[in-house]
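Engineer: need a structure here:
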Amino acid sequence: MTARRVIRAALTQTKNAYLDMPAKVEDLPSLSGKMNDIREANVAHNCDLIAAAAQHGARIICLGELCTAPYFALYTDPMWLAFAEDARSGPSIAAFRKTAQTHRIIVIVPIFEIDSGSGKRFNTAVIIDEHGEILGKYRKTHIPCGQNDRGSFHETFYYGASDGQLGESRANIAPNPYFPVFRTSIGNVGVAICYDRHFEGVMHSLKAGGAELCFSPAITFGKKSQQVWHQEFFVDAVRHGVFIGGSNRQGKEPPWTIEYFGESYFCGPQGLCPSLAAPQGLVMTDLDLSTLAEPDSAGWNLPRDIRYDIYSPRSRA
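Structural biologist: Numbering: from 1, shown residues only. Predicted coordinates:
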């Protein structure tokens, strides 16, 4: 009989915690000297959520995309470039490492990263284990720039797509450097940040790298995004035999009028995972990772029956 591997997992569902944002977009330049204050307010807020999740039994938590700042990519201003920090020695990472160690919980921390060697900037998730050690990082692979019914987004102004250079990732078990999978004390964990979720190869690559549980921290808004938010993760979870936790911001962040719809949740090969009672700002569930090794209840064997040979046929002369 297979031993059960039940773990409690958590997502944050929150927004910018810095309270002194200007009321008007044209007044945003007044924040240029307050980057550290903004960072500290959001780090403190998220550390409180980490502590609350751990107190409610969570073994792992994923924070929100760019969790240390408001979502500044709604417009372009070089002021925010100074917000980027090193993924190993930055001030946010130091605080989150201490919190993870104090509460004995694995923490996935999405930050605005600057590579100290190349000077390039990335949208990056840092994986910290329950001892406060950095297991590695994932850099967002697909970077959006566009406009929908609610507003515009200009992420390519601030950071580039992953270069596959992940530095020291001692816990990475995946062969593909663009899609690392980290061996943790609760299981094998992968990350796909926001826009990455729309691309068919992402969850496939994470599963091929050994992932059992994938997190997708996101900042998303708009009618179509909300319509497909649940379907995308559900289809990928069924198709690839993994658990997926998708987190989204919730509410409005002054001075912009964009409203993030939240609706964070977990799902797996059998569908939606029931949410547990949790403190405000958290979504939590219990996941039985041992079920991933069991036969599919539908009688399907997708890994056995997939036909890679016919998907990309060679061009005929």
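Engineer: Just the strands from the stretch 1-150 of the chain, written as ranges.
Structural biologist: 6-12, 60-62, 106-114, 121-128, 134-139, 145-147 (DSSP state E, counting those that start in this stretch).
Engineer: tell me the most buried of those strands?
Structural biologist: Sort those by mean neighbour count, taking mean count of other C-beta atoms under 10 Å, and strand 60-62 sits at the top with a mean of 29. Just so you know, the C-beta spots here come from the backbone N, C-alpha and C atoms, and that holds for glycine as well.
Engineer: what lines up beside that one in the sheet?
Structural biologist: When sheet partners are counted by DSSP bridges, strand 60-62 sits next to strand 6-12 (parallel), strand 106-114 (parallel).
Engineer: Adding distance to Ala54, write the ones you listed out as CSV.
Structural biologist: Formatted as CSV, those follow (distance: least, C-beta to C-beta, whole Å):
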stretch, distance to Ala54
strand 6-12, 9
strand 106-114, 10
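Engineer: Tabulate those in TSV, adding columns for mean pLDDT and distance to Ile310.
Structural biologist: Formatted as TSV, the strands paired with strand 60-62 follow (pLDDT from 0 to 100; distance: least, C-beta to C-beta, whole Å):
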stretch	mean pLDDT	distance to Ile310
strand 6-12	98	37
strand 106-114	98	36
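Engineer: closest one to His154 among the ones you listed?
Structural biologist: For His154, the closest of those is strand 106-114, at 13.9 Å, according to C-beta to C-beta.
Engineer: Flag every buried residue along stretch 262-272.
Structural biologist: Using 16 or more other C-beta atoms under 10 Å as the test for burial, stretch 262-272 gives 262, 264-269.
Engineer: Repeat that for stretch 167-177.
Structural biologist: Within stretch 167-177, the residues that qualify as buried by neighbour count (16+ other C-beta under 10 Å) are 169, 171-172, 174.
Engineer: what does that stretch rub up against?
Structural biologist: With contacts defined as C-beta atoms under 8 Å, 6 or more residues apart in numbering, stretch 167-177 is touched by 87-88, 127, 129, 134-137, 164-166, 180-184, 188, 190, 205-206, 208-211.
Engineer: Can you tell me which of the residues you listed are buried?
Structural biologist: 87, 127, 129, 134-137, 166, 180-184, 188, 190, 205-206, 208-211.
Engineer: Among those residues, which ones are in helices?
Structural biologist: Members of the buried ones among the contacts of stretch 167-177 lying in helices (criterion: DSSP state H): 205-206, 208.
Engineer: want to throw those into CSV with distance to His154?
Structural biologist: Formatted as CSV, these follow (distance: C-beta to C-beta, whole Å):
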residue, distance to His154
Ser205, 27
Leu206, 27
Ala208, 32
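Engineer: Quick check: the gap between Leu81 and Ile50.
Structural biologist: The gap separating Leu81 from Ile50 is 27 Å, by C-beta to C-beta, to the nearest Å.
Engineer: More neighbours: these two, which one.
Structural biologist: Just comparing Leu81 and Ile50: by other C-beta atoms under 10 Å the higher neighbour count belongs to Ile50, 24 against 14.
Engineer: Can you give me the separation between the closest residue to the more buried one other than its chain neighbours and Ile106?
Structural biologist: Nearest residue to Ile50, sequence neighbours excluded (C-beta to C-beta, 6 or more residues apart in numbering): Thr99, at 5.1 Å. Going from Thr99 to Ile106 by C-beta to C-beta gives 11 Å.
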